[in-house]
Structure formats: structure tokens, C-alpha cells
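Enquirer: Model the following, please.
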Amino acid sequence: QLQLVESGGGLVQPGGSLRLSCAASGFTLGNYAIAWYRQAPGKEREEVSCISFTGEYTDYADSVKGRFTISRVNAKSTVYLQMNSLEPEDTAVYYCTARARYCSNYVNDYIYWGQGTQVTVSS
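Expert: Numbers count the residues shown, from 1 in each chain. Next comes the predicted model:
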């Protein structure tokens, strides 16, 4: 069974940090680009960051540039999202998703989705 499983979410104070993990099972993560999306209550799902299958290419939403870092360890079939200087506006459910090789700007290009992990930034 092909699965993506997110972990690492939680409650953190403004200015704090979290590291999200996206682990793959049932397929070789190294052949896939991985993107992180997030969805806040009442808002549309938005892309946060993406990393290509080799890790050579990454991109970030303007709202998280300089604060979030995406990385991958293909040998562990895991992609990480390091989130620093968190703000209340970062509160959302974070999803990881996969498509073959390269990142895409179109959410419908992504094939596999995890179940999401809640991130809450609040004092």
C-alpha cells in the first residue's frame, strides 16, 4: 500500500520552531518530488514548499521564505520541513504530497497525499 505519513506537528509559541517529517512507505520516495501544502480553517489549501526528486531544486511560498527549509534523505524515504520563527498565521493542517520527479505549481498534479498534521502557533 502506497502511503505518506506526516508527523511532528503540535502547539508552539510564536517565534518557536517545529520540524515536520513526511515518511513514505510502499514506494521509492527517491523517484518523487515532495511538496508541503497547508490549509487553515476557512482558507484554500496553499503550497508551502517543494523539493525535486534529487533535492537539487527547492521552492518556497513568499510567506515562509527565510523561515522554512525543506530537505530530504532518500535513504530514509523521508522529507523534512524545518519551520523557524513561527507566526500565528502559520497555523494550519500541513500535508505532504508526491508526484514524479519534479515540482509542479498545480495541486492536481500531485498523486499521493498524507493525512495531515496540525500545527498551531499560539501564546
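Enquirer: tell me which residues form a beta bridge with the residue nearest the centre of the chain?
Expert: The centroid of the chain falls nearest to Trp36 when counting by Cα atoms, centre = their mean (2.6 Å). Here Trp36 sits in beta bridges with Ser49, Cys96, as judged by DSSP bridges.
Enquirer: Can you give me every residue that contacts it?
Expert: Residues in contact with Trp36 (Cβ atoms under 8 Å, 6 or more residues apart in numbering) are 20, 22, 47-50, 70, 81, 94-97. Any C-beta I mention is one placed from the backbone N, CA and C, and that applies to glycine too.
Enquirer: again, only using 7 Å
Expert: 48-49, 70, 81, 94, 96 (Cβ atoms under 7 Å, 6 or more residues apart in numbering).
Enquirer: Mind telling me the two of the residues you listed farthest from one another?
Expert: The largest separation in the contacts of Trp36, counting by Cβ to Cβ, is between Ile70 and Tyr94 at 11.8 Å.
Enquirer: Going by neighbour count, which of the contacts of Trp36 comes out on top?
Expert: Each of the contacts of Trp36 was scored for neighbours by other Cβ atoms under 10 Å, and Cys96 scores highest at 30 neighbours.
Enquirer: Check what pLDDT that residue gets.
Expert: On the pLDDT scale, Cys96 is placed at 97.
Enquirer: ok, the closest residue to Ser25 other than its chain neighbours to Phe27 distance?
Expert: Among residues not flanking Ser25 along the chain, Gln3 sits closest, at 4.8 Å (Cβ to Cβ, 6 or more residues apart in numbering). If you measure Gln3 against Phe27 using Cβ to Cβ, to the nearest Å, the figure is 9 Å.
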